[in-house]
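Colleague: Turn this into a model:
(one chain, ligands or ions: 1)
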Amino acid sequence: MSNLPKPLRSRLAEAFSLQTLELVRKQGAADTTQKFLWRLRDHSLIESVLIPANPALFGEASDRHTLCISTQVGCAYGCRFCASGLDGWKRNLTPDEIIEQVLAVERNVISDKWRVTGKEIMSPVTRHPSRFVDNIVVMGMGEPLANYDHLLKALKILNAPWGGGIGARKITISTSGLAPQIRRLATEPLQFRLAISLHGATDEVRNRIMPVNRKYPLKELVAACEDYQGAKGRMITFEYILIAGVNDSIEQTKPLAALARRLFAKVNLIPYNQVEGLKWDRPDEKVCEAFLRALEKQKVAATLRREKGRDIDAACGQLRLKTEKELGRIPT
Ligand code: SF4
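Modeller: Numbers count the residues shown, from 1 in each chain. Purely as a prediction, here's the structure:
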């Protein structure tokens, strides 16, 4: 804007930024899971993951493009199996940093495809020429409901017809179990989907791997989910990472099935992705299949993720951790 006075341009540049994310790394191929590592204004790193058509994860066959976005730099909740919490919590993302993950991925993918095909591409769901992402899962780095106000502001903009135009039912918020915030979410007028990162169907198992359970044990979490369903009438999803010798025994399917039936929840089983420096293992494929069958026998709607992105540091926070170590910002 060279027609503006120079001092005004300097002041505008100091106060505003048109683009907040800078691409540091991208892993994956065009038609498979792609992971994006972004640098923020303060040089913090965050991840977003683009998952083209994932019927195994979200239960509906389609050619959708789902984007998993982050809401915090690091995470304070310290789930024992998760790479995102390993380096602690740094800060909440601002609404623009949450939204721009969607825009930046679209810019990146659309310019790639345009280069290859020379054709305009658009989402088959929204039929919007510049809207490539049509599903959002808030399941990346951070506990979304611990950044409640910024998250909701961002999601309302992504949902608004004048904004992203992505339907609220195409947006899933995942939480490790912050019961009070689940109740707060139940009072919001928009019909977002709710997913619970459960990973254990008893307090004993959850206490072992998820410190948040000591604050909000299962009884309280389930009561909050019931309130959410009472207000929204929507199906809840349980995310359940299968970790060898921790939560993958057939015994665990009984309390899990009981919880799922009580909350009319479907269960997404996700075999654990190895994280460097953590002691947990991925169960054998046969164990995962047996766990799935045991749930189905107990009349629970369940899916088992047959991995997308296993070879690209797929566990949440893993690519960031690797890069931070390479940059010498955290000890190896
Ligand atoms: S699983 Fe979610 S809540 Fe738990 S440490 Fe990782 S990012 Fe945080």
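Colleague: The stretch 51-200 of the chain against the ligand: which residues are in contact?
Modeller: Cys75, Tyr77, Gly78, Cys79, Cys82, Ser84, Gly85, Met141, Gly142, Glu143, Ser176, Ser197 (CB under 6 Å from any ligand atom). All C-beta atoms are positioned from the backbone trio N, CA, C, and that covers glycine.
Colleague: And for the fifth one, the neighbour number?
Modeller: The one in question is Cys82. Residues lying near Cys82 (other CB atoms under 10 Å) number 24.
Colleague: just the first one next, same as before
Modeller: Counted with other CB under 10 Å, the burial measure for Cys75 works out to 26 neighbours.
Colleague: how near is it to Arg9?
Modeller: According to CB to CB, to the nearest Å, Cys75 stands 38 Å off from Arg9.
Colleague: One more: the third one?
Modeller: According to CB to CB, Gly78 and Arg9 sit 44 Å apart.
Colleague: The two: which is more packed in?
Modeller: Neighbour totals were compared for Gly78 and Arg9, and Gly78 leads with 16 against 13 (other CB under 10 Å).
Colleague: Now do the nearest residue to the more buried one once chain neighbours are set aside, the pLDDT please.
Modeller: Computed as CB to CB, 6 or more residues apart in numbering, the closest residue to Gly78 that is not its neighbour in sequence is Gly85, at 4.4 Å. Gly85 carries a pLDDT value of 81.
Colleague: contacting residues for Gly85?
Modeller: Gly74, Cys75, Ala76, Tyr77, Gly78, Cys79, Gly317 (CB atoms under 8 Å, 6 or more residues apart in numbering).
Colleague: hang on, the fourth one in a helix?
Modeller: No: Tyr77: not assigned to a helix; according to DSSP: H, G, I helix; E, B strand; the rest coil it is coil.
Colleague: Run a quick neighbour tally on it.
Modeller: 22.
Colleague: Pull the number of nearby residues for the closest residue to the ligand within the stretch 151-300 of the chain.
Modeller: Closest approach of the stretch 151-300 of the chain to the ligand (CB to the nearest ligand atom) occurs at Ser176, with a separation of 3.8 Å. Other residues within reach of Ser176 by the criterion other CB under 10 Å amount to 26.
Colleague: Test for you: state the pLDDT assigned to it.
Modeller: On the pLDDT scale, Ser176 is placed at 98.
Colleague: For the strand or helix carrying Cys288, buried residues please.
Modeller: Using DSSP states H and E, Cys288 falls within helix 285-297. Buried residues in helix 285-297, counted by 16 or more other CB atoms under 10 Å: Val287, Cys288, Ala290, Phe291, Leu292, Ala294, Leu295.
Colleague: Point out where the stretch 201-332 of the chain drops to low pLDDT.
Modeller: For the stretch 201-332 of the chain, applying pLDDT under 70 flags the ranges 307-316, 330-332.
Colleague: so where do the strands sit in it?
Modeller: Remark: strands assigned in the stretch 201-332 of the chain by DSSP state E, counting those that start in this stretch are 236-242, 266-271, 302-304.
Colleague: Out of these, which is the most enclosed?
Modeller: Each of the strands of the stretch 201-332 of the chain was scored by mean neighbour count; the highest is strand 236-242, a mean of 23, by mean count of other CB atoms under 10 Å.
Colleague: ok, it: who's next to it in the sheet?
Modeller: Pairing partners of strand 236-242, with direction, according to DSSP bridges: strand 193-197 (parallel), strand 266-271 (parallel).
Colleague: Now tell me what touches the shortest one from outside.
Modeller: Read that as strand 193-197. 79, 137, 139, 169, 171-177, 182, 185, 210, 221, 225, 228, 232, 234-239, 241, 265, 268.
Colleague: Which of those are buried? Put it as a ChimeraX command.
Modeller: A single ChimeraX command selects the buried members of the contacts of strand 193-197 (16+ other CB under 10 Å):
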select :79,137,139,171,172,173,174,175,176,177,182,185,210,221,225,228,232,236,237,238,239,241,265,268
